[in-house]
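Asker: only the shape, not the letters, is given here:
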Ligand SMILES: Nc1ncnc2c1ncn2[C@@H]1O[C@H](COP(=O)(O)OP(=O)(O)OP(=O)(O)O)[C@@H](O)[C@H]1O
Ligand SMILES: Nc1ncnc2c1ncn2[C@@H]1O[C@H](COP(=O)(O)OP(=O)(O)OP(=O)(O)O)[C@@H](O)[C@H]1O
Ligand SMILES: [Mg+2]
Ligand SMILES: [Mg+2]
């Protein structure tokens, strides 16, 4: 992985924004992954992402994009290889330090994974609530963000009554509300119209400008072209880089 | 709604393929719909679809595409107006005749709605099983269809272990397996790559050529352009037609 | 991919064993095989059937004990003959016995001998105190035929007339109290049974509904792709019949084992009315009613709930 | 959209009533308020607590009745004085009474008078048959202090020596049998209690786990967005504490009502050992243990299950 333009930050970056002063935000070395006894979904994947970088992750359906993201947001372990996140080898990380790392990562799940019993507002505020912040300190921010993604009117609706695209935008809002150091978005524009897609892309770019590293798995070529950011391409379990 | 090219069948169509010899497959007249006490999601929607036609349904996220489809696959009732399906007024249709009508409609749900405890094969075969057909009579067809949508290798996997795009393709396969008279697809290509999207479009076109009326709700402009079929556009609860 | 016909239904076997297997083992249906909620439903039903079978068994044997005891008690009379200066003891006895022998509806009449009297009185008078010179009344234990009991008033009159000092004691004083006791114990047992049965029904009902809510998505999808209400209901019922029977039989087995263990533990003497413990062998088959009832409740609940769900659905 | 601060937590009230309210009413937490599975969990816990409270109350009062009855029985002795040609009745009595008066550990000693004897014997001998000329032994009812009982062997020797025909009867024959009966009934009550308690624990455990499986997605999402295990466990525990307490208190209220109704229904005479029915007022507070135990079981199950789930998760 090499630098590309402004947004794809250099290897050694001294932005005071980051908690560790490490060279790489994420580093994969010869990572392999399989589900159970199945075939290897990922094979010898090696790359690194610098702090403040912006990348897309592409590949045909079933190529392993979601699986790769799962490794990054610590939802599953690799079957081999080394993964370093924020300068820490995640294989040796003690269990109680994982939540602190997860809080630095915002995730847009491909299946949204909103909590059906909470309102849209509560869903989006959840990461802040979990960090122990009081509602007074974040209420206005959350409202503003919800309006930005076009959910100002649906703030008190519960996810089952949202349209597909509304759910997706709520999921995006939840992922970015905490201004994470790393944003992982899995197909974040699959259910919204192109205009809304461009609007959401601006949100990601803005976030990136404030220091967040962004990685977006997508099939949407228009999005990739509009952003002009480098592309990690998965094919047959292997990773190659373009741009 | 007016005829467009070959695929958008004329008002009065005498294709022997259809069980009723009616002019319209679907006819909406001044249909309005609201959820509970909320605002009207659909307002004064009037249109008709001829047998054997092919249309897209577009509109911004939250415009009411899914709501409109729900009316067509008999999942909810309009709050006002008249809906005629296959020549029958659905408001006066006795309860026990609804299953027969539903069987003539194939639906790709936006949220897939596969049954998690059945294998992909069983999920896809379900509409046939429900019609009382024996497994011997459909096994080969289902296998062939699964291979066509690229799920040949994942036939025995259960939905929770499928990737997003794989689930979507399974949902599509389930909708088309019974060669329905009407296919309603809600965002059927949101989770697959453009190549697969084109492949799936070919499937729909093929089905349409065999006599199925097709209505696809989508945000994917590339798809709409590739098919060149007329577009129903939802905006602010109202419907307009292009093409 | 060469597809072997290995997804042929493995339960296609026929015959009685096939039927049994298909009742107990989940056949391939469109409902989810026992998942987390399925398993816990089975266990809840098992636990409730265990309790209900224990109570049912206990109530059955208590009820039966109380019944037989009541009829025994009601069938027993005593004739007392006080010593009289006007007639000697043996003549008194002979006169009364001949009256009893002539009366229809009397099964047996047996004068209590010295030994019986001693056994009766010694706890109260102290060992060795019941001596031959004690001027005790003569007692005759009379057993009547409960099917065609004699006319009590007439019998009492005839006995009093037959010999001076002779008196028919119908044990009224004792009987009132003891019958009341027996009735109370039986009522108690049935009351407890009613409470446990009601609780079991409530729990099975709610557990079934909870189990169904996990299957709501399945029901909805089946409905939307055109399954008939009856098809869905049949599938759901069969699913809950399996769960109910499996749970019920586990509970039944546990309770039968408990009764057997208690029976073998040797404490099988009867304590007042309560047979401590062990169920009479001929009552075991009745326990089968419990899992059947539980399954029925589960199936009916599932059926009603599914139809109600489907009705709301359009 | 002008947002009023109406989504302020309505449970922010403080104080005891606030605490109680927050225990019973679901406070706004990240766990789903009682949905379908929540409601059925509450009802299952309520039903089981109802049964368990009934059994617990019954076992408590049976146990207490058996205890007091046992100690009454064990604390009672009888001295029999048979008529003797060597000493007249009153001297015999005086001699024995003075021995009893001197012996430490004896609470009271009371000679039974003619009335007592008649009451004792009439059921056996027939009314009017216990006449003054019946040469009955004299009986003295002795009540001993169970805390510091007298030396039985010594006492028996002294009594026998004090007057010819005097004998200490420790009721051994009766006692053995009756104590055995009391003990059996008490054991039975506790055995039933144990069975019901075990069943309750099993059902609450499985119902809780079923309830949790509905919340698995919530737990997983919280985990993935960085919630600490302790936070998740605390939320889940609080949720199940609410459900458990709510169910437990419903069950408790139902059982207390049942006891009260039974108490008022007038059948409050004691039947053998079984107090039929009604719970002594001072035992009601003990019933509180049942919902507390049920909530504890629910909370612990939830805690263990959540931690196990989280451990599997990385
Ligand atoms: N839990 C699982 N168990 C077994 N196999 C799985 C599991 N999850 C995914 N797979 C398989 O691994 C492969 C990669 O899946 P993944 O979800 O990573 O694909 P993807 O690139 O995200 O695809 P899509 O664009 O369709 O979402 C697929 O073939 C999928 O069937
Ligand atoms: N069950 C419901 N209860 C209340 N409101 C609902 C419900 N379902 C949808 N809505 C609302 O109705 C509007 C239209 O929803 P619908 O799902 O039809 O939109 P859509 O056009 O399919 O959008 P998308 O492209 O995002 O899927 C939305 O604002 C949505 O929030
Ligand atoms: Mg994916
Ligand atoms: Mg939609």
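Answerer: On my side now, so go ahead. This one's a predicted model, so the numbers in the text were calculated from it and none came from an experiment. Ligands and ions are numbered 1, 2, ... in the order given.
Asker: give me the contacts around the host helix or strand of residue A:100.
Answerer: Per DSSP states H and E: residue A:100 is located in helix A:98-102. Identification of contacts with helix A:98-102 by CB atoms under 8 Å, 6 or more residues apart in numbering or on different chains yields A:73-74, A:85-86, A:88, A:90, A:93, D:224-229, D:314. (Each C-beta comes from the backbone N, C-alpha and C, glycine too.)
Asker: stretch A:101-117 - what's its average pLDDT?
Answerer: Summarised as a single mean, pLDDT over stretch A:101-117 is 95.
Asker: quick check, it touching ligand 4?
Answerer: No - using CB under 5 Å from the ion, stretch A:101-117 stays clear of ligand 4, with a minimum separation of 12.9 Å.
Asker: is the lengthiest helix in chain A positioned near chain B?
Answerer: Identified as the longest helix of chain A according to DSSP state H is helix A:194-209. Yes - using CB under 8 Å from any CB of the partner chain, helix A:194-209 reaches chain B at A:194-197.
Asker: following element in sequence after that helix, please.
Answerer: Downstream of helix A:194-209, the first helix or strand assigned by DSSP H and E is strand A:213-217.
Asker: okay, the angle between the helix or strand residue C:185 falls within and helix D:172-214?
Answerer: Assessed by DSSP H and E, residue C:185 sits inside helix C:172-224. Counting by axes from the mean of the first three to the mean of the last three CA atoms, to 10 degrees, helix C:172-224 lies at 10 degrees to helix D:172-214.
Asker: the stretch 201-314 of chain C: strands as residue ranges?
Answerer: C:270-271, C:274-275 (DSSP state E, counting those that start in this stretch).
Asker: now swap in chain A and tell me
Answerer: For chain A, applying DSSP state E gives strands covering A:26-34, A:40-49, A:54-58, A:80-85, A:88-89, A:105-108, A:182-186, A:213-217, A:231-235, A:238-242.
Asker: indicate whether the second one makes contact with chain B.
Answerer: Spelled out, that is strand A:40-49. No - for strand A:40-49, no contact with chain B is found by CB under 8 Å from any CB; the gap never falls below 9.3 Å.
Asker: buried stuff in that strand?
Answerer: A:41-43, A:45, A:47-49 (16 or more other CB atoms under 10 Å in any protein chain shown).
Asker: and for the third one?
Answerer: Along strand A:54-58, the positions that meet the burial threshold by neighbour count (16+ other CB under 10 Å) are A:54-58.
Asker: any chance of JSON lines for the residues you listed, columns distance to chain D and pLDDT?
Answerer: What follows is the buried residues of strand A:54-58, written out as JSON lines (distance: CB to the nearest CB, whole Å; pLDDT from 0 to 100):
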{"residue": "A:54", "distance to chain D": "22", "pLDDT": "96"}
{"residue": "A:55", "distance to chain D": "21", "pLDDT": "97"}
{"residue": "A:56", "distance to chain D": "22", "pLDDT": "97"}
{"residue": "A:57", "distance to chain D": "18", "pLDDT": "97"}
{"residue": "A:58", "distance to chain D": "23", "pLDDT": "96"}
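Asker: out of those, which is nearest to ligand 3?
Answerer: residue A:57 (9.7 Å; CB to the ion).
Asker: packing partners for the longest helix of chain A?
Answerer: Packing contacts for helix A:194-209, counted by 3 or more CB pairs under 8 Å, 6 or more residues apart in numbering or on different chains; DSSP states H and E, involve strand A:54-58, helix A:164-176, strand A:182-186, strand A:213-217, helix A:221-227.
Asker: which strands and helices lie in contact with the first one?
Answerer: I take that to be strand A:54-58. helix A:65-72, helix A:194-209, strand A:213-217, helix A:221-227, strand A:231-235.
Asker: now do the same contact list for residue C:251.
Answerer: Contacts of residue C:251 (CB under 8 Å, 6+ apart): C:45-53, C:290-291, C:294.
Asker: repeat for residue A:220
Answerer: Residue A:220 neighbours (CB under 8 Å, 6+ apart): A:189-190, A:197.
Asker: neighbour-wise, which one of the residues you listed leads?
Answerer: residue A:189 (27 neighbours; other CB atoms under 10 Å in any protein chain shown).
Asker: quick one: average pLDDT of the helix holding residue C:185?
Answerer: On average, helix C:172-224 scores 79.
Asker: what do you get for stretch A:219-233?
Answerer: Average pLDDT, stretch A:219-233: 93.
Asker: does ligand 3 have contacts with that stretch?
Answerer: No - if you take CB under 5 Å from the ion as the test, stretch A:219-233 misses ligand 3, and the best it gets is 9.4 Å.
Asker: and that stretch with ligand 1, contact?
Answerer: No - residues of stretch A:219-233 contacting ligand 1 under CB under 6 Å from any ligand atom: none, with a closest distance of 6.5 Å.
Asker: what are the buried residues along that stretch?
Answerer: A:219-220, A:222-224, A:227, A:229-233.
Asker: and if you look at stretch C:224-235?
Answerer: C:224-229, C:231-233, C:235.
Asker: tell me the SS of the closest residue to residue C:258 other than its chain neighbours?
Answerer: Excluding its sequence neighbours, the residue lying closest to residue C:258 (CB to CB, 6 or more residues apart in numbering or on different chains) is residue C:54, at 6.4 Å. Of the three states, residue C:54 takes helix under DSSP: H, G, I helix; E, B strand; the rest coil.
Asker: how close does residue C:54 get to residue C:297?
Answerer: Taking CB to CB, to the nearest Å as the measure, residue C:54 falls 18 Å from residue C:297.
Asker: neighbour-wise, which of those two wins?
Answerer: residue C:54 (27 against 23).
Asker: returning to what we had before: angle of the longest helix of chain A against strand A:182-186?
Answerer: Going by the same axes, to 10 degrees, helix A:194-209 makes 160 degrees with strand A:182-186.
Asker: and helix A:194-209 with helix A:164-176, angle?
Answerer: Using the same axes, to 10 degrees: helix A:194-209 against helix A:164-176 is 0 degrees.
Asker: residue nearest the centroid of the chain?
Answerer: Picking chain A for this. When CA atoms, centre = their mean is applied to chain A, the residue found nearest the centroid is residue A:184 (1.0 Å).
Asker: actually it's chain C I care about, not the one you picked
Answerer: residue C:60 (1.1 Å).
Asker: the residue in the stretch 151-300 of chain C positioned nearest to chain A: what's it in contact with?
Answerer: At 11.6 Å from chain A, residue C:217 is the closest residue in the stretch 151-300 of chain C, using CB to the nearest CB. Shown in contact with residue C:217 (CB under 8 Å, 6+ apart): B:113, B:115.
Asker: before we move on, the earlier item: can you tell which of the helices and strands packed on helix A:194-209 is closest to residue B:26?
Answerer: Residue B:26 lies closest to helix A:164-176 among the helices and strands packed on helix A:194-209, at 22.0 Å (CB to CB).
Asker: whichever residue of the stretch 51-200 of chain C sits closest to chain B and residue C:45, how far apart?
Answerer: Of the residues in the stretch 51-200 of chain C, the one nearest chain B is residue C:200, at a distance of 28.3 Å by CB to the nearest CB. According to CB to CB, residue C:200 and residue C:45 sit 9 Å apart.
Asker: this completes my enquiry, with thanks.
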